[in-house]
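**Q** give me coordinates for this.
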Amino acid sequence: MAVSYKKLWHILIDRNMKKKDLESLAGITHYQMCKLARDENVTTDVIGAICVALHVRSDDIMEFLPD
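**A** The predicted structure follows:
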């Protein structure tokens, strides 16, 4: 099952934020941001940090896609 973070990028656009801003706000590394940009799996800690920083739920920033 594949994962898509397209919803996250829409939130950043709506809030006029750059990926670098999210890195700082959520306290995640550039490597983790690169994995998100490539729709790769990241830990639940990363998802949780992003959700807390943006005040959203996990299903607001990601979705699972069938293979």
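**Q** what's the helix or strand for the residue positioned nearest the centre of the chain?
**A** Closest residue to the average C-alpha location of the chain: L8 at 5.1 Å, with C-alpha atoms, centre = their mean. Element membership for L8 (DSSP states H and E) is helix 6-14.
**Q** what does D59 give?
**A** helix 58-61.
**Q** contacting residues for G27?
**A** Neighbour list for G27: 49, 53 [criterion: C-beta atoms under 8 Å, 6 or more residues apart in numbering]. Placement of C-beta: from N, CA and C, glycine included.
**Q** same thing but 7 Å
**A** Taking C-beta atoms under 7 Å, 6 or more residues apart in numbering, we find G27 in contact with A49.
**Q** give me the pLDDT for it.
**A** For G27, the pLDDT comes out at 97.
**Q** please apply the same query to L22.
**A** Among the per-residue scores, L22 shows a pLDDT of 97.
**Q** same thing with P66?
**A** The model's pLDDT for P66 equals 88.
**Q** one more: V42?
**A** The model reports V42 with a pLDDT of 96.
**Q** ok, and the closest non-adjacent residue to it?
**A** Closest residue to V42 apart from its sequence neighbours, by C-beta to C-beta, 6 or more residues apart in numbering: K35 at 5.2 Å.
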